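Asks: Next one to model:
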Amino acid sequence: MSKFFKFRLGAPLCMFATLVVAAGCKTATSPAVVNSYFPTDYRERHPIRFDESERSVQLLVGSGRGELTATQRAQVTALGSAWRRESTGVLVIDVPTGTKNERSAKYAVREAQSLLRATGVPARAVRVRKYEPPQTSELGPVRISYARIEATAGPCGEWPEDLGVMPSPSLNGFPPSMDNRPYWNHGCATQKNLAAMVANPEDLLQPRPETSGLAARRQTVMDKYRKGEDPSTIYQNGTDGKVSTVGSK
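Replies: Sure, this is the predicted structure:
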């Protein structure tokens, strides 16, 4: 056998061995990468995040009127009560300057401050600052705002893989649907709606402490127990409570 023939035969064998080693390395590492990027739990794919957002109310006051309307007073009172529950900082009042309603806006701010104090907001927690609108010819609203904690989730609507049967392995790096895994957008709407509906974002982290029992009911039960009476409650529902008898009497 000549040297040339040995060289021609050995080169393909070396290339084949190199491809086998490379393919074996890729097969061993790719599932781990895919599994870490595509979690099966929807809470890991679409986690609920917590951040600070701004809650505000805008009061439009005319140039010839320096007092708030009944609706505006209710808005300020509701904002002050909400500040006590969910605020994470001071309450800021922005007053327009250089506008036609600059003078009346100052009177409106004084009334708003008195309403906030009546709802329990301390004076040291209110900060008043001036701002100039882009066009001073327009009426500048009085803006009252504060920062609060808000729960958010999403964005939803991402479909990196088809819901139908796809070839294995997937062409875009995601696990194929043949593995019976949930699709990427699964659970996103539920997480987003839950974050929007929750009244207190802290309820998603830990339960609330148990409140005290009703003192009046406890006293009634204890009095019956001392007298040797049955402490249970008996509800009188009646015997003729049927749908067909409603409105017949």
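
Asks: Which of the helices or strands spans the residue nearest to Gly64 when sequence neighbours are not counted?
Replies: In this structure, Gly64 finds its nearest non-sequential neighbour in Ser104, 7.0 Å apart by Cβ to Cβ, 6 or more residues apart in numbering. C-beta coordinates here come from the backbone N, C-alpha and C atoms, glycine included. Counting by DSSP states H and E, the element that carries Ser104 is helix 102-118.

Asks: any idea of the angle the next helix or strand after that helix forms with helix 102-118?
Replies: Where DSSP H and E defines the elements, the next helix or strand beyond helix 102-118 is strand 126-131. In terms of direction (axes from the mean of the first three to the mean of the last three Cα atoms, to 10 degrees), strand 126-131 departs from helix 102-118 by 160 degrees.

Asks: Residues in contact with stretch 135-145: which ones?
Replies: 54-63, 76, 79, 91-102, 105, 108-109, 112, 131, 133 (Cβ atoms under 8 Å, 6 or more residues apart in numbering).

Asks: redo that, cut-off 6 Å
Replies: 54, 56-60, 79, 92-94, 96, 98-99, 101, 105, 108-109, 133 (Cβ atoms under 6 Å, 6 or more residues apart in numbering).

Asks: So among those, which ones count as buried?
Replies: By neighbour count, with 16 or more other Cβ atoms under 10 Å, these hold Val57, Leu59, Leu79, Val92, Ile93, Asp94, Pro96, Thr99, Asn101, Ala105, Ala108, Val109 as buried.

Asks: ok so, going back, give me the average confidence score over the helix holding Ser104.
Replies: The average pLDDT for helix 102-118 rounds to 94.
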